[in-house]
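>>> Provided below are the primary sequence and the corresponding predicted coordinates.
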Amino acid sequence: MSMSSYKRATLDEEDLVDSTSDDIYPSSPMQVGFLRGRGPACWADRTQRERRLLFLVCLLSLALFISLITSGVFYKQAHPGYCLTDQCITVASAVMGALDRSVDPCHDFYNFACGGWVKNNPLPEGKSRWGPFSNLWEHNMLVMKQLLENTTVKGLSKAEEKAQRYYEACMNEAKIEELGAKPLQELINQIGGWALNESWDKDNFQEVLRTVSAGLRTSPFFTVFVSTDSKNSNSNVIQVDQSSLGLPSRDYYLNKTANEKYLTAYLNFLVELGVLLGGSEETSRRMMEEIVDFETTLANITVPQEERRDEELIYHKMEAKDLSTLAPAVDWMPFLNEVFAPVQLNESEPVVVYAREYLQKVSDLITKTNKSLLNNYMMMKVVRKMVSILDQRFQDAEQRFLEVMYGTKKSCTPRWKLCVSDTDSALGFALGALFVKATFAEDSKATAEDMVAEIKLAFEDGLKYVSWMDSETKRAAKEKADAIYNMVGYPEFIMNTTQLDKVFNDFMVVSELYFQNVMQYYNFSARVTADQLRKAPNRNQWSMTPPTVNAYYNPTKNEMVLPAGILQAPFYSRSWPKALNFGGIGVVMGHELTHAFDDQGREYDKDGNLRPWWKNSSVEAFKKQTQCMVEQYGNYSINQEPVNGRHTLGENIADNGGLKAAYKAYVNWIKKNGEEATLPALGMTNHQLFFVGFAQVWCSVRTPESSHEGVITDPHSPSRYRVIGSISNSNDFSKHFNCKANTPMNPKHKCELW
């Protein structure tokens, strides 16, 4: 159910005060007689004593009237009654429908808050996971579809028209089917071919590596990009890191027994792609088996994510010429000059390497591996990237693989969903301009900014009570929190037609040729990246498009970003009780703010520079406090698989800190504004509603395969533990739900950080 169309309605509680005062203070005949007196002509007939008595009665009546009004106001504040607007009744019904009242909230708060929702929300066909985030994204996609298809509207910018053309070309299935595999086959031939159709004796490794890494944006052995220099946040720098693999994580390759079905499905998928591109079944299978074996070797030298969390340890700055000593298998200067063309680089160009040992090992691996296999692997990376933009045979092959990989039931996902999503990826800020103008109320931005300010104040106030941190570091932490820059809704440039068109000026889009448009996008993206190299980081450059249902914190800019896409129900609605808004979008805001002080974000100062700004005693105390969370979450498991408490530490810190800051901000709001009306029929206080609202954002269903992938790859804990992990550390929760000591949601030993 979409709740984004709720309207604010005036709250009428007058009958509550009237009925109460009538019951307590019945009108007396004397008052009625006085109020209905015969008028001024009678006043002269009164004796002096009567006049005094009447005057006294008048004063007493006035005092009583004032007293009634005053007590009514205070009664309203202390007992505000029920909110009975249409919106409150509807949201109360939704909250109630998601609950499972048979579960004791002190025993299992996730099932109490979400049991009804899980029962009423079987996984939609073709989905591996489903929850409020997915539901809202589906709603946003439908809005974007209508905007992209409405080509009759006048006055669009050139960039917005490009978004519509890009979508239109993606939707032109007849043309895509007519071309079949041809566009990709031609691309492979242009790059130099591969051993699928012919024997390989070319010695062109360096040329192919440059081509696939530059214009095609694939990263076969390592990834190279431009981003803010962590130790000099006023400048951008070339960065080099280990690359991703064909499967979501190295674990899939290394634990072969547990992941046999995934590896088999992956191999069969690659074989099918080889056949679709003109190879025989036999040749394709032999070649793809070699590729998967090679990728397994790559997986072995890839460093696990949980070992890469301390950025001080993995940051290595050097000059471009030093890369040749570190990884001599690559001709680095010609490579970097092609990837970052037209910028001309020299050997003294600064480069930050985040995977020094890995680069050494991958260089050795390249040196001792057959050149034909290296070429086949690089081509396979290109093919994998292009699968989703080819004809239906390729789509079906990928779908069969994903069904095994994520446990989805076979489905026929409408073409428009793929095209909306791809248009958002390529021209998301042009499409975002359309989306914002159509859906985003400007007062939502102001409200969100006010809420962020309230949550920031609550977080800063909480610093006073952090017993493990020294006072000097606390002062610096408060300064950092003060300095966090909030980006709400959308970047300003998208509302300026001239600026928006300038951004996409260099991106050519044609109406019919989808494959060609995607190639143009990769080239355009490469040029945009290169262009950033000689410029200071741009604060108005977002990593998420406005329709996105998500949020993020960027440590090098010390900023949090809340796109328009998430500033809707079930995270926020102007017509809801504040308890739900603070429990929803408020916790999201608190979560992003706390990322500035998680195990990675805390290493960056208020200006976004990676440097030691904490006293050593507080660093050691922080590590001791966080070890509690590592162990707490490491004891949770999903389908007999333990959660990785180290890998999920940053997100768990943010979840706990976000909940605490948002609740404190809500309490502060009540102090300023008085208690708000409660929702009918729930039998809950608004303090309880806050926690229920928080939990219901995370109600979700997921296939076992998708849960397996999440446990291995996701830095966030599974939804269930995002709720009960934070709740069981909250004294405020236990107080408002009257949880006895040592119940599952109120353990004696709690992890406390912020």
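Cool, got the structure.

>>> which secondary structure elements does the longest strand along the chain contact?
Ranked by residue count and defined by DSSP state E, the top strand of the chain is strand 232-242. If contacts are counted by 3 or more Cβ pairs under 8 Å, 6 or more residues apart in numbering; DSSP states H and E, strand 232-242 sits against strand 222-229, strand 350-353, helix 356-368. From N, CA and C alone the C-beta is placed, and that goes for glycine too.

>>> Direction included, what does that strand pair up with?
In the sheet, strand 232-242 lines up against strand 222-229 (antiparallel), strand 350-353 (parallel) (DSSP bridges).

>>> Could you tell me which residues make contact with V518?
Listed by Cβ atoms under 8 Å, 6 or more residues apart in numbering, the contact set of V518 reads 386, 389, 422, 426.

>>> Swap in 6 Å and give it another go.
Counting by Cβ atoms under 6 Å, 6 or more residues apart in numbering, V518 makes contact with I389.

>>> Mean neighbour count added to the strands paired with strand 232-242, as JSON lines?
Shown next, in JSON lines, are the strands paired with strand 232-242 (neighbours: other Cβ atoms under 10 Å):
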{"stretch": "strand 222-229", "mean neighbour count": "19"}
{"stretch": "strand 350-353", "mean neighbour count": "19"}
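
>>> now those strands in a markdown table, with mean pLDDT and distance to A433?
Compiled in a markdown table, these are given as follows (pLDDT from 0 to 100; distance: least, Cβ to Cβ, whole Å):
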| stretch | mean pLDDT | distance to A433 |
| --- | --- | --- |
| strand 222-229 | 95 | 25 |
| strand 350-353 | 96 | 34 |
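
>>> of these, which approaches M333 most closely?
strand 350-353 (11.3 Å; Cβ to Cβ).

>>> all strands for the protein, in order.
129-130, 222-229, 232-242, 316-319, 350-353, 485-489, 552-554, 559-563, 637-638, 641-642, 701-702.

>>> Kindly compare burial across these and name the winner.
Among those, strand 559-563 has the highest mean neighbour count (mean count of other Cβ atoms under 10 Å), at a mean of 24.

>>> number of nearby residues for the residue nearest to L434 when sequence neighbours are not counted?
Once flanking residues are discounted, L434 sits nearest to L147: 4.3 Å by Cβ to Cβ, 6 or more residues apart in numbering. Using other Cβ atoms under 10 Å, L147 has 23 neighbouring residues.

>>> try R101
Neighbour count for R101, taken as other Cβ under 10 Å: 11.

>>> what about the nearest residue to it once chain neighbours are set aside, neighbour count?
Closest residue in space to R101, ignoring its immediate chain neighbours: F112 at 7.7 Å, by Cβ to Cβ, 6+ apart. The tally of other residues near F112 (other Cβ under 10 Å) stands at 23.

>>> Listing request: residues of the stretch 201-350 of the chain with sub-threshold pLDDT.
Counting by pLDDT under 70, the stretch 201-350 of the chain shows no low-confidence range.

>>> Show me where it has its helices.
Ranges of helices in the stretch 201-350 of the chain, per DSSP state H, counting those that start in this stretch, are 205-213, 251-254, 260-276, 281-301, 311-314, 322-326, 332-339.

>>> Ok, which of those helices comes nearest S233?
Of all these, helix 311-314 comes closest under Cβ to Cβ, at 13.0 Å.

>>> what comes into contact with the closest one?
308, 354, 603, 610.

>>> Show me which positions of that helix end up buried.
Buried residues in helix 311-314, counted by 16 or more other Cβ atoms under 10 Å: 311, 314.

>>> Same question for stretch 524-543.
Those would be 524, 526, 529-530, 532, 537, 542, for stretch 524-543 by 16+ other Cβ under 10 Å.

>>> Start and end of it, how far apart?
Stretch 524-543 has its terminal residues 16 Å apart, counting by Cα to Cα, to the nearest Å.

>>> Show me how far it is from its chain's centre.
Chain-centre distance of stretch 524-543: 22 Å, with Cα atoms, centre = their mean, to the nearest Å.

>>> and the residue nearest to Q600 when sequence neighbours are not counted, how many residues sit next to it?
The shortest distance from Q600 to any non-neighbouring residue, by Cβ to Cβ, 6+ apart, is to G650 (5.4 Å). For G650, the neighbour count with other Cβ under 10 Å is 20.

>>> roughly how far apart are G650 and F694?
Distance from G650 to F694, counting by Cβ to Cβ, to the nearest Å: 19 Å.

>>> What of E512?
Distance, E512 to F694, using Cβ to Cβ: 48 Å.

>>> So these two - more neighbours on which side?
Shown here are E512 and F694; by other Cβ under 10 Å, F694 has more neighbours (30 against 14).

>>> and the more buried one, what is it in contact with?
583, 587.

>>> related to what we said a few turns ago, neighbour-wise, which of the contacts of helix 311-314 leads?
E603 (22 neighbours).

>>> Tell me if I'm right that N236 and Q532 touch.
Yes: contact criterion Cβ atoms under 6 Å: N236 and Q532 qualify, at 5.1 Å.

>>> Common neighbours of the two, please.
V226.

>>> count of residues packed around the closest residue to S511 other than its chain neighbours?
In space, and not counting its chain neighbours, S511 is closest to R165: 5.4 Å by Cβ to Cβ, 6+ apart. Applying other Cβ under 10 Å, we find 19 residues neighbouring R165.

>>> Distance-wise, check R165 relative to G131.
Distance, R165 to G131, using Cβ to Cβ: 33 Å.

>>> picking that back up, so which of the strands of the chain gets nearest K748?
That would be strand 637-638 among the strands of the chain, by Cβ to Cβ, at 21.8 Å.

>>> residues touching the nearest residue to V118 once chain neighbours are set aside, list them.
Of all residues not flanking V118 in the chain, V701 sits nearest, at 5.9 Å (Cβ to Cβ, 6+ apart). Counting by Cβ under 6 Å, 6+ apart, V701 touches 118, 121, 123, 130.

>>> Switch those residues over to JSON lines; also include distance to E319 and pLDDT.
As requested, those are exported to JSON lines (distance: Cβ to Cβ, whole Å; pLDDT from 0 to 100):
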{"residue": "V118", "distance to E319": "55", "pLDDT": "96"}
{"residue": "N121", "distance to E319": "55", "pLDDT": "94"}
{"residue": "L123", "distance to E319": "52", "pLDDT": "92"}
{"residue": "W130", "distance to E319": "49", "pLDDT": "94"}
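
>>> so of those residues, which ones are in helices?
Counting by DSSP state H, the contacts of V701 place V118 in helices.

>>> In the contacts of V701, which residue is surrounded by the most others?
In the contacts of V701, the most neighbours by other Cβ under 10 Å go to W130, 20 neighbours.

>>> What distance do you get for it to N121?
From W130 over to N121 the distance is 6 Å, taken as Cβ to Cβ.

>>> Check A397 too.
Applying Cβ to Cβ to A397 and N121 gives a distance of 30 Å.

>>> Could you give the number of residues near N300?
12.
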